[in-house]
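**Student:** task: produce atomic coordinates for the following.
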Amino acid sequence: MPQFRALVSGRVQGVCFRAETVSAARRLGLRGFARNLPDGRVEVVAEGPDPALEELRRYLHHGPSLARVDRVEIDADDRTPPGRTFEVRY
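**Tutor:** As a prediction, this is how the structure comes out:
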């Protein structure tokens, strides 16, 4: 199953970025997680059909209305286990 790992930089913590990403990913039927990193970025791992992954990638470039996304780094070769659903990880 296709998968990617994204590192999202900018004002992405404390603005509901993880929760909104989880909602978007669940609507798309994806598995994976979103979590805050100590350096201020958000890590997103997602697995599912290519069209749904592409839609989530587009979402990550803007996020929720309070966010400011400066950069999204995508690693399509990453094989981090995504989990059974899409969730916030701590």
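**Student:** Arg57 reaches Ile74, doesn't it?
**Tutor:** Yes. Using C-beta atoms under 8 Å, Arg57 is in contact with Ile74, at 6.5 Å. Yep, even glycine has a C-beta here, placed from its N, CA and C like the rest.
**Student:** overlap of the contact sets of these two?
**Tutor:** Common neighbours of Arg57 and Ile74, counting by C-beta atoms under 8 Å, 6 or more residues apart in numbering, are 4, 6.
**Student:** what's the neighbour count on the nearest residue to Met1 once chain neighbours are set aside?
**Tutor:** Leaving aside its sequence neighbours, Met1 sits nearest to Glu47 (C-beta to C-beta, 6 or more residues apart in numbering; 5.2 Å). Around Glu47 there are 20 other residues, counting by other C-beta atoms under 10 Å.
**Student:** state the distance from Glu47 to Ser9.
**Tutor:** From Glu47 across to Ser9, the span is 22 Å (C-beta to C-beta, to the nearest Å).
**Student:** before we move on, back to that, which residues does the residue nearest to Met1 contact?
**Tutor:** 1-3, 30-32, 53, 82.
**Student:** which of these has the most neighbours?
**Tutor:** Neighbour max across the contacts of Glu47 (other C-beta under 10 Å) = Gly32, 28 neighbours.
**Student:** contacts for stretch 14-29?
**Tutor:** Contacts of stretch 14-29 with the rest of the structure, by C-beta under 8 Å, 6+ apart, involve 8, 32, 34-36, 42, 44, 46, 48-49, 52, 55-56, 59-60, 63-64, 66-67, 85-88.
**Student:** again, only using 6 Å
**Tutor:** 34, 42, 44, 46, 48, 52, 55-56, 59, 63-64, 66-67, 86, 88 (C-beta atoms under 6 Å, 6 or more residues apart in numbering).
**Student:** for this protein, what spans make up the strands?
**Tutor:** 3-11, 31-36, 42-47, 68-75, 86-88 (DSSP state E).
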